[in-house]
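>>> Let me see the structure of the following:
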Amino acid sequence: MIPRIVIAGTHSGCGKTTIASGLMAALIKRGMKVQPFKVGPDFIDPSHHSAICKRPSRNLDPYMMGETGVLETFSRASVGADIAVIEGVMGLYDGLEGVDCGSTAHVAKILQAPVILTVNVKGMSRSANATVQGYRHFDEEVCLAGVIFNQVGSFRHRQMIETSLKIPAFGWIPHNRENSVESRHLGLCMAHETNAMAAFGPLIEEYCNIDAILETTAKGRDTPVSYAASRKGKNADETTTIAVAYDEAFCFYYQDNLDRLREQGANLIFFSPLHDALPDADALYLGGGYPELYASELQTAQATGQIRSVALNGMPLYAECGGLTYLTRDITIGSDTMKMVGVLPAHTIKMDRFQALGYAHAHCTTGDALLPHGLTWRGHEFHYTCVECDSDARFALTLTRGRGICDGKDGMYEGRTLAGYTHAYFSDRFADSLVKIGNRYEKER
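Residues are numbered from 1 along each chain as shown. Reported below is the predicted structural model:
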């Protein structure tokens, strides 16, 4: 397995995203091929990784993927790369409901990867080392190789920390109010809106010992795993064209999901509901994103009416979160209401605080919808919108974990349109089901 390093943090907001992204940029400048990863279900940080490294960043999430899935994705995605940089999630030991599962530490142990801990030292000096020692010894199975201190106030501040340092320090990042990345209600701005993350490369080059970090990456123990480099799915001999919405409004997709659709025989065509006409296709996949930010443009976009037309004519449509809200009748934001596709019996309201945040576990409880009865999968939900449904709305999914659209019900469906709040991590069977129904529609029309 290739050299690898995990950039972890003591907590959210300590600077690990900027440090991980800056390290990627610095390594790219050295001529290395860097494969980026992100622990957890996040979509935003991977967009910055991908823009910097010019390789799709992959999510590594033991809850959604299982430990074997983490190893398979890591091994498959790392082919052709010189080094893997894995950005952690939240604090190093923060996992599902207070346990290890899904934490950065969990992934580091699965991959047998050394960890560099990011510590924001604003407001403390010697206490920073007490914090580091606590993280170092909390789980002896985690290889905590060193630390990067962030928000160092001065050379004197550094000296006060170094006096009691008991673990290698790979970097001392100074306090800098000018370097920042704008945020909004779902987190940082996406990579297509700012290149600020790549700009942290020179900062890492100047204030971190990259040679020492590279030496550390080689200390990870080998964790061999067998995987199929090219898995030919059941439908691979039949080509199904799936149109995938991808633009400023719809940009939340797990790269593994797109790969699985291709493995099952799908030809993916990416288009922009904001700017393009709907391409000729056998099925449509609408991911999450920010349709609420572009509601006025979507209201008048050519594709909005076209999507309504093909849905009413039986084209299979699968949508998640932002895609769900786009398929309702309208979206209300403050005093303004904008018309949307209107194929689902509901309307959407943008709220002032998040309405759901956490993992989901879904079961398909009807055979009348897009996916087969009994299919189960795991995913994640995080949204600021509320979908208010008509009394006759039908739901295909029951959640044993998560909130869904209402009261643990998700996956509202009409005809061959299925949409829910859950961002699903596709299994092979999930992808196979979407491709099969696209095949069926192609033969019918």
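
>>> domains of this protein?
What automatic domain parsing lists as the domains of the chain is 4-217, 240-444.

>>> In the stretch 301-445 of the chain, what residue spans correspond to helices?
In the stretch 301-445 of the chain, the segments counted as helices under DSSP state H, counting those that start in this stretch are 302-312, 322-327, 428-444.

>>> Contacts for the longest one next, please.
If I follow you right, that is helix 428-444. Applying C-beta atoms under 8 Å, 6 or more residues apart in numbering, the external contacts of helix 428-444 come out as 231, 233-235, 238, 240-242, 257, 260-261, 263-266, 282-283, 285, 314-316, 318, 370-372, 375, 377, 416, 424. Glycine gets a C-beta too; all of them are placed from N, C-alpha and C.

>>> and M338, how many neighbours does it have?
Using other C-beta atoms under 10 Å, M338 has 18 neighbouring residues.

>>> these two touch, right, it and E297?
No. Using C-beta atoms under 8 Å as the test, M338 is too far from E297 to be in contact (9.1 Å).

>>> Just give the closest residue to C251, not the sequence neighbours.
Leaving aside its chain neighbours, C251 sits nearest to G289 (4.5 Å; criterion: C-beta to C-beta, 6 or more residues apart in numbering).

>>> That neighbour: what's it in contact with?
Here G289 is in contact with E248, A249, F250, C251, F252, C321, G322, G323 (C-beta under 8 Å, 6+ apart).

>>> Look up how far D82 lies from it.
Going from G289 to D82 by C-beta to C-beta, to the nearest Å gives 32 Å.

>>> Then G322?
Using C-beta to C-beta, we find G322 at a distance of 35 Å from D82.

>>> Comparing these two, which shows the higher neighbour count?
Using other C-beta under 10 Å, the more surrounded residue of G322 and D82 is G322, with 28 against 16.

>>> what residues are up against that one?
A249, F250, F252, L286, G287, G288, G289, Y290, P291, E292, H383.

>>> now do 10 Å
Contact analysis of G322 by C-beta atoms under 10 Å, 6 or more residues apart in numbering lists 186, 245, 249-252, 286-294, 348, 383, 385, 421, 423.

>>> A393 too?
L344, P345, A346, V387, I405, C406, K409, M412, Y413, E414 are the contacts of A393 under C-beta under 10 Å, 6+ apart.

>>> Residue ranges in the stretch 201-350 of the chain under the pLDDT threshold?
The model of the stretch 201-350 of the chain has pLDDT under 70 over residues 220-238.

>>> and with 50 instead?
229-230 (pLDDT under 50).

>>> hmm, back to that, for the contacts of G289, work out which two are farthest apart.
Largest separation among these by C-beta to C-beta: E248 and C321, giving 15.3 Å.

>>> If we go by neighbour counts, what in stretch 299-315 is buried?
Neighbour-count burial for stretch 299-315 flags A301, A303, T304, Q306, I307, V310, A311, M315 (criterion: 16 or more other C-beta atoms under 10 Å).

>>> Centre of the chain to that stretch, how far?
Relative to its chain's centre, stretch 299-315 lies at 27 Å (C-alpha atoms, centre = their mean, to the nearest Å).

>>> Equivalent analysis for stretch 248-267, please.
Offset of stretch 248-267 from its chain centre (C-alpha atoms, centre = their mean): 12 Å.

>>> distance of Y253 from P114?
Distance, Y253 to P114, by C-beta to C-beta: 30 Å.

>>> ok, back up a step: quick one: common contacting residues for M338 and E297?
P291.

>>> Can you add distance to V435 and give the contacts of G289 back as a markdown table?
Shown next, in a markdown table, are the contacts of G289 (distance: C-beta to C-beta, whole Å):
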| residue | distance to V435 |
| --- | --- |
| E248 | 27 |
| A249 | 25 |
| F250 | 20 |
| C251 | 22 |
| F252 | 21 |
| C321 | 22 |
| G322 | 23 |
| G323 | 18 |
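
>>> and those, which of them are in strands?
Those of those mapping onto strands are F250, C251, F252, per DSSP state E.

>>> which one of those residues sits closest to T163?
F252 (45.6 Å).
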